[in-house]
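>>> how would this look folded up:
(one chain, ligands or ions: 1)
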Amino acid sequence: MAARTHKRLQPEPTGHDDRGGRVLSAVNAGQGVGWNGAKGAGRKGEGMTAQDRTASERLRLLVTRRLPEMVMDRIAREYEVQLADLAPDLDDRVLWEGAEGCDAILCAPGDSLAAASIANLPGSVRALATYSVGHEHIDLEAARSRGIAVFHTPGVLTDATAEVAMLLLLGAARRAWEGQALVRSGKWAGWEPTQLLGRTLAGKRLGVLGMGRIGSAVALRARAFGMEIHYCNRKRLGNPSEGGAVFHSTPRELFSNSDFLTLHCPASEATQQILDARSIGWLPRGAVVVNSARGSLVDDAALIAALRSGHLAAAGLDVYEGEPAVNPAYLQLENVYLLPHLGSATVEARNAMGHKALDNLAAFFGGSEAPNRLV
Ligand code: DGY
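All right, here's what the predicted structure looks like:
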């Protein structure tokens, strides 16, 4: 594994970092201010807006990944920034070293902030904002017991993620990967009456497991494709939110009424491998399953077996248990359409996620109520 480093964000004259990527174009107003946040009430910069803080009062933020330029520019305007190395997996040593003297950490999915990681954070850290709506990578209880506030970014990635769920439904049902591969191979011999026949969405029942923001946004889009919506949720939505969808009180009832199934529940003990051999068996033969929520919802071995046996016609996956590792059996299957966790990967969503994370931190440090506080 490559050695990890931290660096303070500095304006670089070339406009590019040593990895060839763009670096901050804004001047880091906190540059060179070596303030190590003192502990306790009445700390420097507390209760003020970022604009009101002078350079010496600026709070210090550890950012674990380089975020989109617009977000990095704002961070540089508002904080003294410590940027962790770009390695995708943040280990504890890097986290603890990087967080030394920081008031807050801006982390991302894939950064494991388990109980031990949080327990050993420097005492200066008072807030943790994740650049995601999902927060299963953070041990909330550990944060609570350390008195560290935790924030996430719901709402702003709903459309982007719902679009990817639709892409998965269409990609899996219409055999988009096989089609793409055929054209790219240069072996496509022309239109054929029986070439790559898929399944149409129109007129089919779409089962939505988890009818929160994203599940509802998928249902809205799927209706426009002529699908009949069924759902299972902890609570029945009722009208008008239900939008004519059929409520099922158990996953079993939902699955047995779904020609297509899309997963939208959060990762938790209760949802761990909710799609397993038993529940796949409840789906009608030839069903199509997609997952744009979390890899932990799926028992990969069971899904692979069902795709091989033909019990499931196809699957579309954007997320994987243990990602970025992907069960190699998926790569051998033609009836699975795979994406690399692109749910929120639009310019609009990723900028908005950054602003939401920073708005929450600003509210917290400014002494007002932060809208998306988990702990
Ligand atoms: C989230 O916000 O949880 C997403 O998975 C990131 O794309």
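>>> residues in the stretch 151-300 of the chain within reach of the ligand, list them.
Within the stretch 151-300 of the chain, the positions near the ligand by CB under 6 Å from any ligand atom are residue 157. Bear in mind the C-beta positions are built from the backbone N, C-alpha and C, glycine included.
>>> in the stretch 151-300 of the chain, which spans are helices?
Taking DSSP state H, counting those that start in this stretch, the helices of the stretch 151-300 of the chain run over residues 158-173, 176-185, 213-224, 251-255, 277-282, 300-309.
>>> would you turn these into a markdown table with mean neighbour count and mean pLDDT?
Listed next are the helices of the stretch 151-300 of the chain as a markdown table, based on neighbours: other CB atoms under 10 Å; pLDDT from 0 to 100:
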| stretch | mean neighbour count | mean pLDDT |
| --- | --- | --- |
| helix 158-173 | 23 | 98 |
| helix 176-185 | 14 | 98 |
| helix 213-224 | 20 | 98 |
| helix 251-255 | 20 | 98 |
| helix 277-282 | 16 | 98 |
| helix 300-309 | 18 | 98 |
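>>> Looking at those helices, spot the one closest to residue 194.
Nearest of these to residue 194, taken as CB to CB: helix 176-185 at 13.4 Å.
>>> So for stretch 186-204, mean pLDDT?
Confidence over stretch 186-204 (mean pLDDT, whole number) is 98.
>>> what do you get for stretch 116-124?
So the average pLDDT for stretch 116-124 ends up being 97.
>>> export that stretch as PDB, just CAs?
Taking Å, rounded to 0.1, in the frame of the first residue of the first chain, the C-alpha atoms of stretch 116-124 are listed here in PDB:
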ATOM      1  CA  ALA A 116     -11.800   2.500  17.900                       C
ATOM      2  CA  SER A 117     -11.000   5.100  15.200                       C
ATOM      3  CA  ILE A 118     -13.400   7.600  16.800                       C
ATOM      4  CA  ALA A 119     -12.300   6.800  20.400                       C
ATOM      5  CA  ASN A 120      -8.700   7.700  19.600                       C
ATOM      6  CA  LEU A 121      -9.400  10.900  17.700                       C
ATOM      7  CA  PRO A 122      -7.700  14.000  19.100                       C
ATOM      8  CA  GLY A 123      -9.700  15.900  21.600                       C
ATOM      9  CA  SER A 124      -9.800  18.900  19.300                       C
END
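>>> May I see the buried residues of that stretch?
117, 118, 121, 122, 124 (16 or more other CB atoms under 10 Å).
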